[in-house]
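[1] Below: sequence and its predicted model.
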Amino acid sequence: MPTILLDQTNASLHTSKAAKRCEEVVKLLEGLGFQVRDGKCPGHKIYTHPGLPDFRSGSFNCEHGKNPQIKLAYISNILRVLSEHDSALRAYLER
């Protein structure tokens, strides 16, 4: 049943792309086993996943301010990564 989390994350990102806040996206990614860290520039986040051998890293930018929104382009990129690595993520979550 852990793969339900992946389905819920995908649904959450698809339904409200324009209203996602930085903290929420970080929590969603971490819930799937991604490691999220700060990049070199303020607001820049880099995410990796130790259980996905074919995935190196992805990134997104949080705008300035307290818990800012993430631009649609970054949400779309995250959704693409989740889609491309769907089967590997499901296998990782089932362990």
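    Everything's here; your move.
[2] Now do the strands in the chain.
    Assignment of strands within the chain using DSSP state E yields the ranges 35-38, 44-48, 58-61.
[3] Those: which one's closest to residue 95?
    Counting by C-beta to C-beta, residue 95 lies closest to strand 35-38 out of the strands of the chain; the figure is 16.4 Å. (Each C-beta comes from the backbone N, C-alpha and C, glycine too.)
[4] Any idea how far stretch 83-95 is from the middle of the chain?
    In terms of C-alpha atoms, centre = their mean, to the nearest Å, the centre of stretch 83-95 is found 13 Å from the chain centre.
[5] Do me a favour and average the pLDDT over it.
    Stretch 83-95 shows a mean pLDDT of 92.
[6] Just the buried residues of it, please?
    85, 89, 92, 93 (16 or more other C-beta atoms under 10 Å).
[7] ditto for stretch 70-85
    Neighbour-count burial for stretch 70-85 [16+ other C-beta under 10 Å]: 70, 71, 74, 75, 78, 81, 82, 85.
[8] Just list the residues touching the most centrally placed residue in the chain, thanks.
    Centroid-nearest residue in the chain: residue 29, 3.9 Å away (criterion: C-alpha atoms, centre = their mean). Contact analysis of residue 29 by C-beta atoms under 8 Å, 6 or more residues apart in numbering lists 36, 47, 78.
[9] from these, which single one is nearest residue 22?
    Among these, and counting by C-beta to C-beta, the member closest to residue 22 is residue 36, at 9.8 Å.
[10] The worst-scoring helix or strand of the chain on mean pLDDT - contacts with which helices or strands?
    Taking mean pLDDT, DSSP states H and E as the measure, the chain has helix 3-15 as its least confident helix or strand, at a mean of 86. Packed against helix 3-15 by the contact rule (3 or more C-beta pairs under 8 Å, 6 or more residues apart in numbering; DSSP states H and E) you find helix 22-31, helix 72-84, helix 86-94.
[11] Just the CA coordinates for it, please, in CSV.
    Provided in CSV are the C-alpha atoms of helix 3-15 (Å, rounded to 0.1, in the frame of the first residue of the first chain):
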residue,chain,number,x,y,z
THR,A,3,2.5,3.2,-3.5
ILE,A,4,-0.7,4.9,-2.7
LEU,A,5,1.5,7.8,-1.4
LEU,A,6,2.9,8.1,-4.9
ASP,A,7,-0.5,8.2,-6.4
GLN,A,8,-1.6,10.8,-3.9
THR,A,9,1.5,13.0,-4.5
ASN,A,10,0.9,12.9,-8.3
ALA,A,11,-2.8,13.8,-7.8
SER,A,12,-1.9,16.6,-5.4
LEU,A,13,0.7,18.1,-7.8
HIS,A,14,-1.7,17.8,-10.8
THR,A,15,-4.7,19.3,-9.3
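[12] With that, I have no additional questions.
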